[in-house]
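>>> just to be clear, the model below is a prediction. Sequence and coordinates:
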Amino acid sequence: MEYDTITAISTPMGEGAIAIVRLSGSEAVSIADSIYKGKIKLQDAESHTIHYGKLIEPKTEEAVEEVMVSVMRGPRTFTREDVVEINCHGGIVSVNRVLQLVLNHGARLAEPGEFTKRAFLNGRIDLSQAEAVMDLIRAKTDRAMNVALNQMEGRLSKLVGKLRQTLLETIAHVEVNIDYPEYDAEEMTHALLNEKLGFVKGEVEKILITAQQGKILREGLSTAIIGRPNVGKSSLMNALVHENKAIVTEIAGTTRDVIEEYVNVRGVPLRLVDTAGIRETEDIVERIGVEKSRKVLKESDLILLVINSNEPLSAEDENLFEAVKGLDVIVIVNKTDLKPNIDMNRVKELAGSHPVITTSLLHEEGVDRLEEGIAQLFFQGGIEAQDITYVSNSRHIALLQQTIRHIDEALNGIEMSLPIDMVQIDITRAWEILGEIVGDTVSESLIDQLFSQFCLGK
Ligand code: GDP
Ligand code: ZN
């Protein structure tokens, strides 16, 4: 299949010293040649080589830009198509000039993720890998990017493949028992079926547990800053935003519109509630009572409870402590530059196992300790372990849940001593659904697989 030639800026714009304009498609090399002047024609260049030269406006022969051009011929490229990368100076003006030139001479501006779509359409990556790249494009922090990368490298595909294989073997044994009762295969007893299905179910459940963490990594921890008026909530918000330069991630093939800014605290993406939200929670306990405010606060992944060390603990402070019991909380004792009037022993008592951190936000002091505390709290949950397969995609989550439903049906059938071929229907369905994650159920029928792998009926 041949597609038109697409192009996009594929490196961060702005500060960087070098920027890349990438082209992919059958015309990539000829388009580049039409605007390039160097020692040799790019058409004559060997694959995977890089060439110094100038970009020119063909009509006027006017030199536009000094560039290094990489020529990579398909199928040994990410898209499996011919790919040309034009490396130029990183300034916005010069990059845009190069892009414009390429667009004027036959390439079309790529949509976000279109390079990845090509890779999928051309069979370079499977569906779950393509989706992982899409997540990568949307990934907002380094850690979120790692999750996406792990998946892209095929961890999920591999694990799903393993589970499908187990199901397939199970089905095969059942088939043998149904179709070849005289065949000397191991009797797939209910107990053994139970065990195999239980194993697959357990593995799928494990993947689903990490899915929630994957979601957090992509969308950020929703973080509420609460406390009485004037304790320093806005100052805290400002300090966090100020010290943690919003992260900008740009991936090959994306354009500016998919980029979002984020507060990234040591690898933990935080979605801080806006100032309006903060104001609303200021006297939330007094307004709606402890129980109700707990409900509201429970929706946050992380709560930063700010108190003022310059004043004695008030009833309102104590109410707030009551409302956040058992949630993920960091207690911030602010204004330590002023005369201490707070009973720190009582604070520690109220805080229980929650971290207590002292700050003087007016002088941006203690923010680093707070950041350390946030990172610790978050990563002690095991999030940092890189060997877990994260699912960070709602389609995958839905499919995995469906898989569990069918396995449960099968287990149910076994318990009710249904005929084995009835049970098999659900096992087969689970196998098919898992296949949808890697996108290949459609093309290969179960029976083909059974024949090719187990040589039934030979
Ligand atoms: P909020 O009402 O809880 O959002 O509190 P603000 O962040 O608006 O702060 C209230 C006042 O306390 C402002 O005048 C801040 O400058 C001041 N403030 C905040 N943090 C500190 C601190 O650490 N020390 C001192 N002395 N003043 C602070
Ligand atoms: Zn405020």
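Looks like it arrived, so ask away. Ligands and ions are numbered 1, 2, ... in the order given.

>>> switch to C-alpha atoms for all contacts and neighbour counts from now on
Will do.

>>> what residues does the host helix or strand of Ile407 touch?
Assigned by DSSP states H and E, Ile407 belongs to helix 394-415. Applying C-alpha atoms under 8 Å, 6 or more residues apart in numbering, the contact partners of helix 394-415 are 190, 194, 197, 201, 204-205, 208, 211, 391, 420, 422-424, 426-427, 429-431, 433-434, 436-437.

>>> just the buried residues of these.
194, 197, 201, 204-205, 208, 211, 391, 420, 423-424, 426-427, 429-431, 433-434, 436-437 (16 or more other C-alpha atoms under 10 Å).

>>> look up how far Pro229 lies from Lys348.
21 Å (C-alpha to C-alpha, to the nearest Å).

>>> okay, and the helix or strand of this protein with the least pLDDT?
None of the helices or strands of the chain scores lower by mean pLDDT, DSSP states H and E than helix 275-281, at a mean of 38.

>>> tell me how many other residues crowd Ile357.
Ile357 has 16 neighbouring residues, counting by other C-alpha atoms under 10 Å.

>>> contacting residues for it?
330-333, 366, 369-370.

>>> let's see 7 Å
331-333, 369-370 (C-alpha atoms under 7 Å, 6 or more residues apart in numbering).

>>> give me phi/psi at it?
Phi and psi for Ile357, reported as degrees, to the nearest 10, are phi -130, psi 130.

>>> specify the beta-bridge partners of it.
Ile332 (DSSP bridges).

>>> which non-adjacent residue is nearest Leu236?
Counting by C-alpha to C-alpha, 6 or more residues apart in numbering, Leu236 lies nearest to Leu361, which is 6.4 Å off, once chain neighbours are set aside.

>>> tell me the pLDDT of Gly439.
Note for Gly439: predicted pLDDT of 68.

>>> Gly71 falls within a helix, correct?
That one is not Gly; residue 71 is Val. No. Going by DSSP: H, G, I helix; E, B strand; the rest coil, the assignment for Val71 is strand, not a helix.

>>> now do the same contact list for the residue nearest to it when sequence neighbours are not counted.
Nearest residue to Val71 in three dimensions, chain neighbours excluded: Val84, at 4.8 Å (C-alpha to C-alpha, 6+ apart). Residues counted as contacts of Val84 (C-alpha under 7 Å, 6+ apart) are 22-24, 28-29, 69-72.

>>> got it, and Leu197?
Per C-alpha under 7 Å, 6+ apart, neighbours of Leu197: Ile407.

>>> I'd like the next helix or strand past the helix or strand it falls within.
Secondary structure assigned from DSSP H and E places Leu197 in helix 190-219. Tracing the chain past helix 190-219, the next element assigned as helix or strand by DSSP H and E is strand 221-227.

>>> which elements pack onto that following strand?
Contacts defined by 3 or more C-alpha pairs under 7 Å, 6 or more residues apart in numbering; DSSP states H and E place strand 221-227 against helix 233-243, strand 268-272, helix 275-281, strand 302-308.

>>> possible to save the ones you listed as a markdown table with distance to Asn96?
Formatted as a markdown table, the helices and strands packed on strand 221-227 follow (distance: least, C-alpha to C-alpha, whole Å):
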| stretch | distance to Asn96 |
| --- | --- |
| helix 233-243 | 30 |
| strand 268-272 | 31 |
| helix 275-281 | 36 |
| strand 302-308 | 41 |
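
>>> need the winner for burial among the ones you listed.
Of all the helices and strands packed on strand 221-227, strand 302-308 has the most neighbours on average by mean count of other C-alpha atoms under 10 Å, namely a mean of 24.

>>> partner strands of that one, parallel or antiparallel?
Assessed with DSSP bridges, strand 302-308 is paired to strand 221-227 (parallel), strand 329-334 (parallel).

>>> nearest to Gly154, of those?
strand 221-227 (26.1 Å; C-alpha to C-alpha).

>>> before we move on, the earlier item: of the helices and strands packed on strand 221-227, which is nearest Ser10?
So among these, strand 268-272 is nearest, using C-alpha to C-alpha, at 23.5 Å.

>>> who's the closest spatial neighbour of Arg118, skipping the chain neighbours?
Sequence neighbours aside, Thr79 is the residue nearest to Arg118 in space, at 5.5 Å (criterion: C-alpha to C-alpha, 6+ apart).
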